[in-house]
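Peer 1: What would the 3D arrangement of this be:
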Amino acid sequence: MCGIAGLIHGAALYDDAARTAVRRMCDRMVARGPDGNGDWFEPRVILGHRRLAILDLDPRASQPMHSVCWRYVIVYNGEIYNYRDLRDALAHQGVTFRTTSDTEVILTLFATEGEAMLPKLHGMFAMVIWDRLAQRAFAARDPYGIKPLYVATTADGVVFFIPGGGPAGNGADNARSRSLWSGRFLDAGERA
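Peer 2: Here you go, the predicted model:
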């Protein structure tokens with residue numbers, strides 16, 4: 001039970017207030033992720049994470065996590081029940097892993113297959129993956145909504161969060177928040 005939150009902005013973000021807002025959202029989820037926290041940002045995006053370490057206790061499995069090529073960055077909450085099978089299949093293709101986490105398996109699958117990897121994931125999950133090259137985010141949750149992911153439009157862009165980490169006090173219109181129910185790409189100009 002981890003916590004994720006973030007902001008995708010339409011323009012360059014180098015804004016301490018926005019980063020502080022994402023950190024506050026994550027701080028509200030400390031009960032979901034008491035084992036650690038992290039954030040990552042570059043122009044246009046801030047990703048935040050609260051960690052509950054279960055599968056891989058090593059700090060290398062902390063999030064936000066970068067792909068080996070550094071193109072993709074993920075924040076993720078959940079558990080992929082078949083991640084060992086997926087990991088073994090990738091290893092047979094020559095992929096070397098840095099961790100034993102399901103997070104790295106998801107990230108590697110996305111780096112090789114893009115959104116087509118979603119049907120392979122058996123489990124409960126909510127995730128956002130930022131593509132640093134394409135400058136867009138891919139967001140998805142499990143088909144049953146066991147791990148909900150909410151998306152809200154603000155004057156500044158798109159805010160995403162899981163329950164307990166909503167954007168209180170940062171200008172988001174909670175009435176226009178919606179639960180994301182399938183994988184899709186998020187753009188700062190979209191409407192909730």
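
Peer 1: Run through the helices of the chain in chain order.
Peer 2: In the chain, the segments counted as helices under DSSP state H are 16-27, 83-92, 102-113.

Peer 1: so which of the ones you listed gets nearest Val73?
Peer 2: Proximity to Val73, assessed across the helices of the chain by Cβ to Cβ, is greatest for helix 102-113 (8.4 Å). To be clear about C-beta, it is placed using only N, CA and C from the backbone, and glycine gets the same treatment.

Peer 1: Off-centre distance for that closest one?
Peer 2: 12 Å (Cα atoms, centre = their mean, to the nearest Å).

Peer 1: for stretch 84-91, same thing?
Peer 2: That offset, for stretch 84-91, works out to 21 Å (Cα atoms, centre = their mean).

Peer 1: quick one on the thing from earlier: reformat the helices of the chain as CSV; add distance to Gly38, mean neighbour count and mean pLDDT.
Peer 2: Shown next, in CSV, are the helices of the chain (distance: least, Cβ to Cβ, whole Å; neighbours: other Cβ atoms under 10 Å; pLDDT from 0 to 100):
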stretch, distance to Gly38, mean neighbour count, mean pLDDT
helix 16-27, 9, 18, 80
helix 83-92, 21, 15, 96
helix 102-113, 12, 22, 94
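
Peer 1: Tabulate those in CSV, adding columns for distance to His122.
Peer 2: CSV is the format used below for the helices of the chain (distance: least, Cβ to Cβ, whole Å):
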stretch, distance to His122
helix 16-27, 27
helix 83-92, 9
helix 102-113, 11
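
Peer 1: So for Val151, which of those sits nearest?
Peer 2: helix 16-27 (13.3 Å).
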